[in-house]
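Participant: Turn this into a structure:
(one chain, ligands or ions: 1)
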Amino acid sequence: MLKFECHCTYVRRLCSFLGVRNLLDATADLKRLFREEIDLQEADAEGSYISRTLAEMERSGEDVSACWNKVDGIKRLEEQMIELFAAGTDTTATFLEWALLYMSAHPETQRRVQDEIDWVVARKTAAAADPAAAAEEEEEEGSVALSDRGDMPYTEATIEEMSRLTPEGAIIVPRMALADTRIGGQPIPAGTVVVPFVWGMNRDPEHFGPDPDLFDPERFLQVDGDGGGGYRFKKHDRVLFFGTGEREGGGTGWIKQ
Ligand code: HEM
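Facilitator: Okay, here's the model as predicted:
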């Protein structure tokens, strides 16, 4: 029922109010820049995200619009570059800085994460040495991948705990109620703009008490019910690091990898 409202006129007015250059003009500049980059990389079919996507378009056949459900493939690629650049660079860098800080401040957590990584790498290295197992499991020696997360509950819990404590902003993108509704019993008439306060949600003592400011990855771990003494990662649906619903961060899949 809640929808993000985005009007170009609103963006223009906001930019002029804040005294910054018009966001839409800046986006047009970025588009030109990325178009130049795409043209440059057309000749080189190796390596980068752009050149790989172009190669995939070629492979997928007839014309570029065969890609992405008939949407003009090149135009879509330009848009992806803008998303990656505008929404993906600062957010990712900031989170990695926080992650390094938390790992430095909590050496015991760092050691446990490292132990898990070492254990997975050793297991994969051993599997890669066995040609039959390697062919079956497509093990990649010497590194961890998203597919290993089931074997890394403590690392997952640590990432979740860092995400809980360091949302990219105190608030996320506003929504507008399209019809009368309620949130937590509170009536929200149609047309109301709602601003999700994720900082407060992530530190809500009712859900993360009694000490919600404490860095404690264990709050996302649950003892396995098989009696073996192991534990597994337990996601909490209140941690909205990438936002939620239709507007959930476009880069969620990329970032998790
Ligand atoms: C640690 C990294 C990142 C964090 C914490 C993050 C967080 C967020 C959040 C909180 C939102 C608002 C969602 C909402 O209001 O429900 C958002 C939106 C978005 N993010 Fe990210 N993001 C990250 C990386 C990326 C990357 C790498 C990309 C692009 C490849 C990306 C693309 C987008 C896009 C396109 C939106 C707007 C989605 C929409 O409104 O439809 N993000 N992100």
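Participant: I'd like the next helix or strand past the lengthiest helix in the chain.
Facilitator: Scanning the chain for the longest helix, with DSSP state H as the assignment, gives helix 73-105. Sequence-wise, the next helix or strand downstream of helix 73-105 (DSSP states H and E) is helix 107-129.
Participant: so that next one versus helix 73-105, what angle?
Facilitator: 130 degrees (axes from the mean of the first three to the mean of the last three CA atoms, to 10 degrees).
Participant: Up against the ligand, what does the stretch 101-250 of the chain have?
Facilitator: Proximity of the stretch 101-250 of the chain to the ligand is confined to 168, 172-173, 241-244, 247-250 under the rule CB under 6 Å from any ligand atom. C-beta here means a position set from N, CA and C on the backbone, and glycine is covered the same way.
Participant: Weed out the non-buried ones from the residues you listed.
Facilitator: The neighbour count (16 or more other CB atoms under 10 Å) marks 168, 172, 241-243, 247, 249 as buried among these.
Participant: can you put those in TSV and add pLDDT and secondary structure?
Facilitator: Shown next, in TSV, are those (pLDDT from 0 to 100; DSSP: H, G, I helix; E, B strand; the rest coil):
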residue	pLDDT	secondary structure
Glu168	87	coil
Ile172	88	coil
Phe241	84	coil
Phe242	82	coil
Gly243	81	coil
Arg247	72	helix
Gly249	74	coil
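Participant: wait, which of these is closest to the ligand?
Facilitator: Nearest to the ligand among these is Gly243, at 2.0 Å by CB to the nearest ligand atom.
Participant: Gly251 is in contact with the closest one, correct?
Facilitator: No - the criterion here is CB atoms under 8 Å, and Gly243 misses it with Gly251 at 10.9 Å.
Participant: Ignoring the adjacent residues along the chain, who's closest to whichever residue of the stretch 1-150 of the chain sits closest to the ligand?
Facilitator: Per CB to the nearest ligand atom, Gly88 is where the stretch 1-150 of the chain lies closest to the ligand, at 2.7 Å. Spatial nearest neighbour of Gly88, chain neighbours left out: Gly251 (4.9 Å); criterion: CB to CB, 6 or more residues apart in numbering.
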